[in-house]
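S.K.: got a predicted structure here, sequence first:
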Amino acid sequence: MQQHALEDFRAWTTKQPINTQPRIAGKLSRGSGHTTILVAADNAAGNKFFVLRYRTHPSTPLGLSFGQETACMQLAYEQGLAPQVVWQDMDQQSMVMEFLNESGSVSCEELANLAKSIHRLPPVTPPLNLQHQMEHYWQIARDRGNTASVLVNPKEPALGAAIKALEFEVPVTCHNDLTPPNIRRRNRTIVAIDWEYAATGSPHFDVATLCAGWPAMNRQALALAILGDQLSPPLFDIATYFYKALSWNWHRAAGEKIKNNQAPTSILQRLAASL
C-alpha cells in the first residue's frame, strides 16, 4: 500500500505537480488502526512534505466510514479547517494529505473558534448513531477477550436515556475527536486532522469529547465559548458522562490503557444522576 501511493504520485492533486516519485522520510505514528508516514516530494518550489496514512490492522475499524471521513475533510479544507487530501484509495482506506507541524500551545479561544467553525459546516454527513457505537465497541472489546464485567453494557437504561436527550437537540457537523494529537497549526490558525469520527450529531457531545482531551482547560468556560446561549449545563453533564462510558469501551476495544480511573459503575451512576 505504501508503494502504490508513492508510485501513483502523478494522480496527487497538489497545487504544483510533483516532479519525481516521493520517498519515505520517516514514520510518524501508529494508532489503533492506522499508520502514518512522513513523505518527501519534489516540485518546482523545492522539497515538500506530505503524510501517508494507511490501515494496518485487518480487524473491524473503530472509526466511521472512510468515505465519510474524506468527504467531511474536503468540506473542512475548503473552509481552512483541515489539511488538504491530495490522494486517496477508497478500497484500501488510505490517503495522502499535506503535512502540518505540531501545533504547540493552543488557547481556549482558538479551540472554541475551531469547534464553532466545524459546527457551521453543512451537515451533509450521516448522523452519529451513539447506540450503534456503544454496541460496536462492546463487541470488538469482547472479541479481544474482555469479559462483560469490565465493560459498560450498551443496554444500560441510563445510556438509552442519555442518547434520547442528546438526539433531541438540533444536530450539527461534529469532529468528535478534537484532542491535542489531532490539532495542527497552519500559519496563525489551528486546523483539525483525523476526521474518522466526524458525523452529524449533538454539539454538546462534540464539546464533551473536546473537553475530555484538554483537562487543564476550564471545561465550563470552554463549553460556554463554543455553545454560547445554546449551552445546557444538564445536557453537557449528560454528554460528559456518556462520553466517559463510550470511551471506556473504546479503549478496551482498541487494546489501549484507560486513562481515567473511574470505574464503569461509577460512570453509570453519575450519568443516571445527571438525567
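M.R.: All right, it came through fine.
S.K.: all helices of the stretch 1-150 of the chain, in order?
M.R.: Remark: helices assigned in the stretch 1-150 of the chain by DSSP state H, counting those that start in this stretch are 2-7, 66-78, 108-119, 130-143.
S.K.: could you dump those to JSON lines with mean neighbour count, mean pLDDT and distance to Val170?
M.R.: Just so you know, the C-beta spots here come from the backbone N, C-alpha and C atoms, and that holds for glycine as well. Shown next, in JSON lines, are those (neighbours: other CB atoms under 10 Å; pLDDT from 0 to 100; distance: least, CB to CB, whole Å):
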{"stretch": "helix 2-7", "mean neighbour count": "15", "mean pLDDT": "85", "distance to Val170": "39"}
{"stretch": "helix 66-78", "mean neighbour count": "18", "mean pLDDT": "92", "distance to Val170": "18"}
{"stretch": "helix 108-119", "mean neighbour count": "19", "mean pLDDT": "97", "distance to Val170": "10"}
{"stretch": "helix 130-143", "mean neighbour count": "18", "mean pLDDT": "95", "distance to Val170": "16"}
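S.K.: just the strands in the stretch 51-200 of the chain please.
M.R.: Taking DSSP state E, counting those that start in this stretch, the strands of the stretch 51-200 of the chain run over residues 85-89, 94-98, 172-174, 183-186, 189-192, 199-201.
S.K.: buried set for the fifth one?
M.R.: Same thing as strand 189-192. Ile190, Val191, Ala192 (16 or more other CB atoms under 10 Å).
S.K.: circling back to that earlier point, export the strands of the stretch 51-200 of the chain to JSON lines and append columns for distance to Arg144.
M.R.: Putting the strands of the stretch 51-200 of the chain into JSON lines (distance: least, CB to CB, whole Å) gives the following:
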{"stretch": "strand 85-89", "distance to Arg144": "27"}
{"stretch": "strand 94-98", "distance to Arg144": "24"}
{"stretch": "strand 172-174", "distance to Arg144": "27"}
{"stretch": "strand 183-186", "distance to Arg144": "29"}
{"stretch": "strand 189-192", "distance to Arg144": "29"}
{"stretch": "strand 199-201", "distance to Arg144": "24"}
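S.K.: can you redo the helices of the stretch 1-150 of the chain as TSV with distance to Glu98?
M.R.: Converted to TSV, those look like this (distance: least, CB to CB, whole Å):
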stretch	distance to Glu98
helix 2-7	14
helix 66-78	9
helix 108-119	17
helix 130-143	29
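S.K.: which stretch among the ones you listed comes nearest Ile163?
M.R.: In this view, these are compared for proximity to Ile163 by CB to CB, and helix 130-143 is the closest at 4.9 Å.
S.K.: thinking again about what came up before, got CSV for the strands of the stretch 51-200 of the chain, with distance to Leu52 and mean pLDDT too?
M.R.: Listed next are the strands of the stretch 51-200 of the chain as CSV, based on distance: least, CB to CB, whole Å; pLDDT from 0 to 100:
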stretch, distance to Leu52, mean pLDDT
strand 85-89, 9, 94
strand 94-98, 5, 93
strand 172-174, 26, 96
strand 183-186, 16, 91
strand 189-192, 18, 94
strand 199-201, 25, 94
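S.K.: alright, calling it a day.
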